[in-house]
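In: Sequence first, then the predicted structure, then my questions.
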Amino acid sequence: MRRAPVAYSAIAIVLATSAVACGGSDSGGSGGSGSGEKQTVTLTLTSKGCSPSVTSIPAGPTTFNVVNKDAGAVTEAELMKGDTILGEKENIAPGLSGSFSLNVKPGSYQLYCPGGSGPEKVDFTVTAAASAAPATTFSPQVTAALTAATTGYATYVRQQVADLVKNTAAFVTAVKAGDLDQSAKLYAAPRLNYERIEPVAESFGDLDPAIDARADDAPDPATWTGFHRLEKAIFADRSIAGLGTVADQLNTDVGKLNSLVATVSFQPAQIANGATELLNEVGQSKITGEEERYSKLDLLDMQGNVEGADKAFSLLEPALKTLDPKLATTVRTRFTAMYKALEPYKKGDGYVSYDTVTEPQRRTLSQAVDALAEPLSQVAGIVVS
Amino acid sequence: MVERFTVSRRRALFGAAGLAGAGVAGAAAVAGAAAVAGCSDDGSSADTTSSPPGLVPFHGARQAGIITDAQDRLAFAAFDVSPGVDRAALRDLLVGWTAAAARMAAGQAVADDEAAPQSPPRDTGEAIGLTAGNLTITFGVGPSLFDDRFGLAARRPAALTEIPAMPRDNLDPQRSHGDLCIQACADDPQVAFHAVRNLRRLAQGTAVLRWFQLGFGRTSTTSDSQATPRNLMGFKDGTNNIKREDTASLDRFVWVGEDGDQSWMRGGTYAVTRRIRMLLEAWDRDYLLDQENVFGRTKVSGAPLGAAEEFDTVPLTARGRDGELVIGEDAHIRLAAPATNNGVTLLRRGYSYTDGVSQETGQLDAGLFFIAFQRDPRTGFIPVQRRLALSDALNEYIQHTSSAVFAIPPGVRDDRDFWASGLFAT
């Protein structure tokens, strides 16, 4: 779970059957990419809702400037496709402006500016670009390998989420039955599934916070939901009475994730960047022991993140071996070293409790993560098509 | 510092982060405006000063950053080579580091970035638009590199020996020693930090950062043209440092000569670093006369006690009317003086540092990050420090908290050479 309550990371994996590539939720203004023509759409917030300068644009890199002159009730604008937020700018009070940038692809979208007296959503159309941007051309073999990677990754994500649904259901049943020991035992399995595909879940708006927020992520303790709320009850409070609603909600949210990933598809660079993001997760919240602070299962989460990243990389590996064999070898070697670094802490089916891992040991783990993530971060730029 | 012209770093904008995606990668074209006036590549030694303002030549017979006029800021890092890395991979690292360092010293980004929205920029970017600020990047190797990992044991110079434990040492092993070191000095702290940060990034998977020290102000003078700065105790320190103009002393005390036992080190030197924490709260409560007696100098003028001007000869034998030595037996200036150390003197390049508040005591964690260059620590730092550690009046107010020693190989000749190439020569 990311600390910042932002639905989109810079390298989020998104619903991409037809939509956009990656969204920067706050590019901080227009221009500066040096990438040639970039179009601008001005979204004026009014007391009714959104008033875009145009309602149809050609596909391509686009900056949405959100301007609020005097609309007190409407302070945010989002570009959506169905239920998925692709880009947004929040907290635009009267007198303020802001922007977000996206590379939009052809399709039907909605601009969502809630709070006003008019309709909350305005239809927004993206047409095919006048001339396609010159793309990197790959050999047929590489193209085929990359296509296989994208379908393979979608399959993997769906399988992990299906397992997540199954394992969460069993866990929730134990919680609702008030069985503390069984709940503690069944907590680990869905965590592993979730950690393997976390960046995908993060791309769906509020779903990741609902499922995976830590205590300090929740704006209000009363509305804190998800795995970690139950983790605290089971491992710290040692009391799960009255948490049936939270448990049911977790089941529902995981189910939502399952239906959302049914139509998800990926581009090679997204898969690669998602793998890097998984390792950043390790470095940010697992090494420090923040993520599983009550259950001390951080090493299991690490394994999930590393396995998820490994799966993504393995799918890209055949193409990368042609495109940049040296990088492919380096990343593979570093994955091997990463697993080796985790090895000493294995115990039974899982790992030792993270509070037994000393600071120097944590440092060594962190260094293994950095050693892997650095070359891995170079993969996306090579497989981008 | 006056500069007739400034050398700007590459102005390429890396664009709005996150505006990415398939399709634009190929189209995006960040202007590769790398035009930077290069440093003179005429084989001149790095210790000459005929370069454009703001640029110190990287290539030369000796490494820059030793006798180069001390810049205002320091970023010093020690690295350990990662487990499993072999000799070839170590060599690759040094080749890559050298190339990157040469670029940064010339005011360039660490690498030319092709526009690739889906790739992390190769240069981290915080030095874009800044001048090189006389950046020097100096490389060294520690004694631990000569264990059995890389087959280098036979190349270990006898002079490269760990500094023995000294009286009063309170060393933190985590902040001491290291297989490799990088000393980045510049007049802009961000430029110095940028250099270390980018070299560290290039080392991911090959070497890990062991410790890292920032210095915010120079405490040494390495040229007659520089005024003597003050340390955090408010005193002029290093008045009698060796200056780059004094080539005879440099040859005698700093540079490894032809008689060096390892040919790869000839033209190099040895660096000893000590993080010397000053107990500033106690010092600030000490009365002026005592402060001056501790150093053996007048606080404001910097003149030795019993003398009139800063650069006057230190009157080590002068006695007052009471018959006592004007400069006490335990005064710092006496114990550090060449006359007290069989003529031995060190080239110092210290920087004031602070790491904030000591969590244990609530006191300032600040002091001197001491760097001294010499041709052999066994006849340089070690005997001098042993004497100081035993009787220096300053000891009441300082504590040595880290220690390291590094062999500083000779300079990189040209862009086909690399740091410590002689170490790998067959």
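Out: On my side now, so go ahead.

In: Now the helix or strand hosting residue A:143: buried residues?
Out: Element membership of residue A:143 [criterion: DSSP states H and E] is helix A:140-176. Neighbour counts using 16 or more other CB atoms under 10 Å in any protein chain shown place A:142, A:145-146, A:149-150, A:152-154, A:156-158, A:160-161, A:163-165, A:167-168, A:171-172, A:174-176 of helix A:140-176 among the buried residues. C-beta: built from backbone N, CA, C; applies to glycine.

In: What of stretch B:86-95?
Out: In stretch B:86-95, counting by 16+ other CB under 10 Å, buried: B:90-91, B:93-94.

In: Nearest to chain A, out of these: which one, please.
Out: residue B:93 (12.5 Å; CB to the nearest CB).

In: What helices and strands are in contact with the strand or helix carrying the closest one?
Out: Secondary structure assigned from DSSP H and E places residue B:93 in helix B:87-105. If you count contacts as 3 or more CB pairs under 8 Å, 6 or more residues apart in numbering or on different chains; DSSP states H and E, helix B:87-105 packs onto strand B:136-141, helix B:189-202, helix B:421-424.

In: quick one: which of these is nearest residue A:274?
Out: Nearest of those to residue A:274, taken as CB to CB: helix B:189-202 at 21.4 Å.

In: continuing past the closest one, what's the next helix or strand?
Out: Counting by DSSP H and E, what follows helix B:189-202 is strand B:207-215.

In: show me the residues around the residue nearest the centre of chain B that make contact.
Out: Nearest to the mean C-alpha position of chain B, counting by CA atoms, centre = their mean, stands residue B:183 at 4.4 Å. Residue B:183 is in contact with B:65, B:74-76, B:136-140, B:271, B:371, counting by CB atoms under 8 Å, 6 or more residues apart in numbering or on different chains.

In: phi, psi of residue A:268?
Out: Reported as degrees, to the nearest 10, the phi and psi values for residue A:268 are phi -50, psi -40.

In: how about the residues of the stretch 101-250 of chain B near chain A?
Out: B:115-120, B:201, B:204-205, B:208 (CB under 8 Å from any CB of the partner chain).

In: what's the closest of the contacts of residue B:183 to residue B:53?
Out: Among those, and counting by CB to CB, the member closest to residue B:53 is residue B:136, at 14.4 Å.

In: Now for the closest one, how many residues are close by?
Out: The tally of other residues near residue B:136 (other CB atoms under 10 Å in any protein chain shown) stands at 26.

In: Kindly report the same for residue A:53.
Out: 13.

In: Excluding sequence neighbours, find me the nearest residue to it.
Out: Nearest residue to residue A:53, sequence neighbours excluded (CB to CB, 6 or more residues apart in numbering or on different chains): residue A:42, at 4.1 Å.

In: how close does that neighbour get to residue A:119?
Out: Using CB to CB, to the nearest Å, we find residue A:42 at a distance of 19 Å from residue A:119.

In: try residue B:178
Out: 64 Å.

In: okay, the two: which has more neighbours?
Out: A direct count of neighbours by other CB under 10 Å for residue B:178 and residue A:119 places residue B:178 higher, at 26 against 13.
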